[in-house]
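here is a sequence together with a model predicted from it:
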Amino acid sequence: MGFWRSLLKLSAKDYKLKALVSSRTFEPLDKFGAAVHVFCDIDKTYLETEFESWIKMAKIPFESPHDKITVPGASEVIQLTRWGGNPVERMNPNAGIHFVSSSPPQLRLALDGKLTLDHLEWSSDTFKNQTYNLRMGRIDLLRDHIAYKTKAILDIATKLPDGSRVVMIGDNAEYDSFVYTGAKLFLEGKIGVSGLREWLRGGKVEESVISQVIGNDVKVASNISVSGIYIRTVPGYIGSPITRFDASWFRFDHWLQVAWSLMKAGIIDPEALPMCIRTFHNLHGVPLAHLRWCLHKALLDDRVGGMLRAMTERTLDDLGSVGASGTSRRMLPWDFDMEPTREIDPSLAIDPKQDANVWCQSIEAMREERKRRKGR
């Protein structure tokens, strides 16, 4: 990589991160007041995208909107979040949806078509201009998304009104949990500008790029909270990174788990539960027996109360005599309640650079292990 930069007479100081960030905004960020804003990855989180080899990556630009496959339930849950669970009665959406993709903007037209086919509206989208990396001889940054995604998120999140709630959804294929955790620490004031700089240094981001991700004058509105970080467990991507923050996000296997969690958080109206259950059975083939088992198990949790408990009891009662799939039983490897999470302890002595470095080294080790397994 250094050879090409030398040949082209380019240095790290010539690199302009803003040229990498291709973003569009469709509605004012303060449109909803102190509302919910969802940052969602696309590849392997929303769409079943295969980029494990150059051959698979080469096919992606030639796919039409109809060729792209939505992860089961992703569009329904995003739509429920957008409208607070009731798109029929609400005149205005309840949340801003911000898609942040590491795909190049040349794929934007096809992805626009796919999201439209999925009946989605969104507030903004950001794509990674990989052509710029090629032009700058930065082949090494084609799959390194830390600086790009951090800047893409902060460009939006630092403009949100006071009291906004943020939800971040990604996957475990690369660095989403790392990027989201760094953003959470910064947005909630657990680390400042200097702390975020150290976090990026720990992630091996170049010094000349760090100053482009976050400037000294960047400000965050007060009372911004990250209500949840959701990381999809992608089939075939085994293992968990070594980090002190590994229990601060939700790992999910199925988008129905995200819907349930957002109902518990008050982001999706619990009245949407019956429709949600029906959709996941009718359209996505989740067995009724398993859904009944999930509902029954959820009622054993004393933390489920109020309207959500009432709607769960009603839905379970409605399903009691429906279908011929037998008695309630666990048929799939997941239930509504994902692995428990804990808030980042405010008294925890965070060493941003060291914590980030340990985490990234662990991710690199997992990546190498995947390559080794494929080479067997």
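Thanks, I have the structure now.

residue ranges with poor pLDDT in this structure?
1-13, 50-66, 86-90, 132-134, 136-144, 323-326, 339-348, 374-376 (pLDDT under 70).

which parts of the stretch 151-300 of the chain are helices?
Residue ranges of the helices in the stretch 151-300 of the chain, as given by DSSP state H, counting those that start in this stretch, are 176-187, 193-202, 207-213, 255-264, 273-282, 288-299.

and the fifth one, what does it pack against?
Okay, so that is helix 273-282. When contacts are defined as 3 or more C-beta pairs under 8 Å, 6 or more residues apart in numbering; DSSP states H and E, helix 273-282 packs onto helix 74-82, helix 255-264, helix 288-299, helix 306-319. The way it works is simple: take the backbone N, C-alpha and C, and place the C-beta from them, glycine included.

so the longest one versus helix 288-299, what angle?
Think helix 306-319. Here the directions of helix 306-319 and helix 288-299 differ by 150 degrees (axes from the mean of the first three to the mean of the last three C-alpha atoms, to 10 degrees).

in this structure, which residue is closest to the centre?
residue 169 (1.9 Å; C-alpha atoms, centre = their mean).

how close does that one get to residue 330?
Taking C-beta to C-beta, to the nearest Å as the measure, residue 169 falls 25 Å from residue 330.

what is the residue nearest to the centre of the chain paired to in the beta sheet?
residue 40, residue 230 (DSSP bridges).

wouldn't it be in contact with residue 42 here?
No: using C-beta atoms under 8 Å as the test, residue 169 is too far from residue 42 to be in contact (10.2 Å).

just give the nearest non-adjacent residue to residue 246, would you?
Counting by C-beta to C-beta, 6 or more residues apart in numbering, the nearest residue to residue 246 once its immediate chain neighbours are dropped is residue 240, at 6.1 Å.

and that neighbour, how many neighbours does it have?
Neighbour count of residue 240, defined by other C-beta atoms under 10 Å: 13.

same question for residue 368.
So residue 368, with other C-beta under 10 Å, has 10 neighbours.

list the helices and strands the helix or strand hosting it packs on?
Assigned by DSSP states H and E, residue 368 falls within helix 352-374. With contacts taken as 3+ C-beta pairs under 8 Å, 6+ apart, helix 352-374 sits against helix 176-187, helix 193-202.

redo those as JSON lines? Include mean neighbour count and distance to residue 19.
Output for those, formatted as JSON lines (neighbours: other C-beta atoms under 10 Å; distance: least, C-beta to C-beta, whole Å):
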{"stretch": "helix 176-187", "mean neighbour count": "25", "distance to residue 19": "20"}
{"stretch": "helix 193-202", "mean neighbour count": "20", "distance to residue 19": "18"}
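
now distance to residue 224 too, for those helices, in JSON lines please.
Below are those laid out as JSON lines (distance: least, C-beta to C-beta, whole Å):
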{"stretch": "helix 176-187", "distance to residue 224": "5"}
{"stretch": "helix 193-202", "distance to residue 224": "14"}
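
and of those helices, who's closest to residue 262?
Distance to residue 262, taken as C-beta to C-beta, is lowest for helix 176-187 among the helices and strands packed on helix 352-374, at 16.0 Å.

which residues touch that closest one?
39, 41, 45, 145-146, 149-150, 153-154, 157, 166, 168, 170, 190-192, 195-196, 199-200, 203, 220, 224, 226, 229, 231, 241, 243, 245, 248-249, 344, 350, 352, 356, 359-360, 363 (C-beta atoms under 8 Å, 6 or more residues apart in numbering).

hmm, residue 32 is touching residue 93, no?
Yes: using C-beta under 8 Å, residue 32 is in contact with residue 93, at 7.2 Å.

nearest to residue 334, out of the helices and strands packed on helix 273-282?
The nearest among the helices and strands packed on helix 273-282, by C-beta to C-beta, is helix 255-264 at 6.2 Å.

now for the closest one, which elements pack on it?
helix 74-82, strand 225-232, strand 250-252, helix 273-282.

can you lay out the ones you listed as JSON lines showing mean neighbour count and distance to residue 312?
Output for these, formatted as JSON lines (neighbours: other C-beta under 10 Å; distance: least, C-beta to C-beta, whole Å):
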{"stretch": "helix 74-82", "mean neighbour count": "23", "distance to residue 312": "16"}
{"stretch": "strand 225-232", "mean neighbour count": "22", "distance to residue 312": "20"}
{"stretch": "strand 250-252", "mean neighbour count": "20", "distance to residue 312": "19"}
{"stretch": "helix 273-282", "mean neighbour count": "18", "distance to residue 312": "7"}
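
any chance of these in CSV, with distance to residue 179 too?
Converted to CSV, the helices and strands packed on helix 255-264 look like this (distance: least, C-beta to C-beta, whole Å):
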stretch, distance to residue 179
helix 74-82, 19
strand 225-232, 10
strand 250-252, 16
helix 273-282, 29
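
of all the ones you listed, which one is nearest residue 128?
It's strand 225-232; of the helices and strands packed on helix 255-264, that one is closest to residue 128 (C-beta to C-beta) at 19.4 Å.

also compute the angle for that closest one relative to helix 255-264, please.
Using the same axes, to 10 degrees: strand 225-232 against helix 255-264 is 170 degrees.

can you list contacts of strand 225-232?
For strand 225-232, using C-beta under 8 Å, 6+ apart, the contacting residues are 36, 44-45, 71, 164-172, 176-177, 180-181, 183-184, 187-188, 248-253, 258, 261-262, 265, 267, 341.
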